[in-house]
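Asker: would you be able to build a 3D model of this:
(chains A and B)
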Number of protein chains: 2
Amino acid sequence: MNEMLRLLMAHRSIRKFTTRPIEPELLAEIVSSGQAAATSSFLQGATLIQVNDKANRKALAELAGNQRHVEACAEFLVFCADLRRAGNCCEVHNKSFSGEYTEHFMIATIDTALFAQNVVIAAESLGLGICYIGGLRNNPREVSDLLRLPQGVYPVFGLCLGYPDQDPQVKPRLPLSVVLKQDVYDDSADAEAIASYDQQVTEYYYARTGGGHGTPWSLQVATLLSEKARPHMRAFLAEQGFSLK
Amino acid sequence: MNEMLRLLMAHRSIRKFTTRPIEPELLAEIVSSGQAAATSSFLQGATLIQVNDKANRKALAELAGNQRHVEACAEFLVFCADLRRAGNCCEVHNKSFSGEYTEHFMIATIDTALFAQNVVIAAESLGLGICYIGGLRNNPREVSDLLRLPQGVYPVFGLCLGYPDQDPQVKPRLPLSVVLKQDVYDDSADAEAIASYDQQVTEYYYARTGGGHGTPWSLQVATLLSEKARPHMRAFLAEQGFSLK
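Answerer: I've put the predicted structure just below:
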């Protein structure tokens, strides 16, 4: 296994950072690395907001469900899916903009995710730690207003970046056979593999908390999927111009 | 700049591959690297179908809009967003499944994209080339039937992997100031930056084709966004159980 694979496999979220800042030149290189990711039809449908303003950081930390690391990390980036830039291009070239399709929402969102994952890898290769903040979607309207996101732009997630002040264990992932299928989707053997994985996850939590009760993975996921998930998202997206037609 | 950043910034899509196969052990390591990416609430909402069957490869190449590299590459992976696995967990734990929200669609889709981008980086670090195949969404019903994707699973995109038999130039990306904003979304200075970038992209195409007419980026994007984009996606997703509520 080479160094890159070792780096990728060593990923864990960091939620405690030192006060050491990230040099602007370094951040620029990290973001440029993000831009180099593949983009659907060359759209480049992502825009990042770097949040420097302390009051806004504090507000975002609260809006994301009181995640203090949003306030405390060296840099906080909000990754936005952006069709406004494309809309502006339509105006320049005197074409009518038709960005209301589900597919448009998808390509901008996927572009943003690929960009972000490159940023993550670049940052981790430089000794930084990261934490994705999906919690921004708890209050996407307030987040959008704070960052003055116009129509055609929505916050997909945030990203904390900084030098780690903790060293958590890597969380075990599902067995390969569960996520990689041959020719067709066949999950008939998965129940057994997942039961054994549940055991592994429970042990991971046990080791990490020094004896606390770990929740098996399948129960975590069952709980997550049995609850309403941010039921405001659909209406919010429509307001921002993503009508998912 | 370190090796990893250099690797990330050197990305370009590869559409011509040698016949050299990818060792199964290597592919397993690459996919495991993909699994190590962050996942929303530990959902692990992605499943990959490795397409070995030659007839299916040929069919997928056609369904994606006659992209011959889908047939010719060493390995072709279809990245699927997967809520079925979570649904199965709900059954095991006797909970009702509520996976019909837009947010559910988003977390599974984003999980899949982050996974894929890690796979891409791992592959490229090993000297492989890749090409994302969003074209699978041209005919998502036929693709899903071919791969026997059940309810709760949809094909987000495909990925060609193989040893490169071409060495295309890296495509220039938007100026950093256009994609990285400070504190608020402000694109008032973007028009000028994009005009200069358009010039750069035109020169890139000129150099690549040895004199062919290059289309400026803003015109490519304007053309893309003025057209209907896979208008079947919404209904297809609903059929697969993603109702985007």
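
Asker: next, work out how far apart the nearest residue to residue A:68 once chain neighbours are set aside and residue B:130 are.
Answerer: For residue A:68, ignoring the flanking residues on the chain, the nearest one in space by Cβ to Cβ, 6 or more residues apart in numbering or on different chains is residue A:61 at 6.0 Å. For every residue, glycine as well, the C-beta is placed using N, CA and C. According to Cβ to Cβ, to the nearest Å, residue A:61 stands 37 Å off from residue B:130.

Asker: quick revisit: and the pLDDT at the residue nearest to residue A:68?
Answerer: With respect to pLDDT, residue A:61 has a value of 98.

Asker: ditto for residue A:229
Answerer: Per-residue confidence (pLDDT) for residue A:229: 95.

Asker: now do the contacts for it.
Answerer: B:98, B:101, B:103-104, B:107 (Cβ atoms under 8 Å, 6 or more residues apart in numbering or on different chains).

Asker: mind checking which helix or strand the residue nearest to it when sequence neighbours are not counted is in?
Answerer: In this structure, residue A:229 finds its nearest non-sequential neighbour in residue B:103, 3.9 Å apart by Cβ to Cβ, 6+ apart. If you go by DSSP states H and E, residue B:103 is part of helix B:102-125.

Asker: just to revisit the earlier point, which one's more surrounded, residue A:61 and residue B:130?
Answerer: residue B:130 (26 against 22; other Cβ atoms under 10 Å in any protein chain shown).

Asker: these two touch, right, residue A:148 and residue B:187?
Answerer: No: if you go by Cβ atoms under 8 Å, residue A:148 and residue B:187 don't touch, sitting 10.6 Å apart.

Asker: between these two, point out the one with more neighbours.
Answerer: When residue A:148 and residue B:187 are compared for neighbours, residue B:187 comes out ahead with 18 against 13, by other Cβ under 10 Å.

Asker: check what pLDDT the more buried one gets.
Answerer: As predicted, residue B:187 sits at a pLDDT of 98.

Asker: and it, its phi and psi?
Answerer: When quoted as degrees, to the nearest 10, the phi and psi of residue B:187 stand at phi -110, psi 20.

Asker: so what's it up against?
Answerer: By Cβ under 8 Å, 6+ apart, the neighbours of residue B:187 are A:84-85, A:88, B:178, B:181.

Asker: tell me which entries of these lie within strands.
Answerer: residue B:181 (DSSP state E).

Asker: show me the two of the contacts of residue B:187 that sit farthest apart.
Answerer: Across the contacts of residue B:187, the longest distance by Cβ to Cβ is 14.4 Å; it joins A:88 and B:181.

Asker: thinking again about what came up before, and for the residue nearest to residue A:229, the neighbour number?
Answerer: With other Cβ under 10 Å as criterion, residue B:103 counts 20.

Asker: before we move on, what about residue A:193?
Answerer: The number of residues near residue A:193, taken as other Cβ under 10 Å, comes to 15.

Asker: if I look at it, how far off is chain B?
Answerer: Distance from residue A:193 to chain B, counting by Cβ to the nearest Cβ, to the nearest Å: 11 Å.
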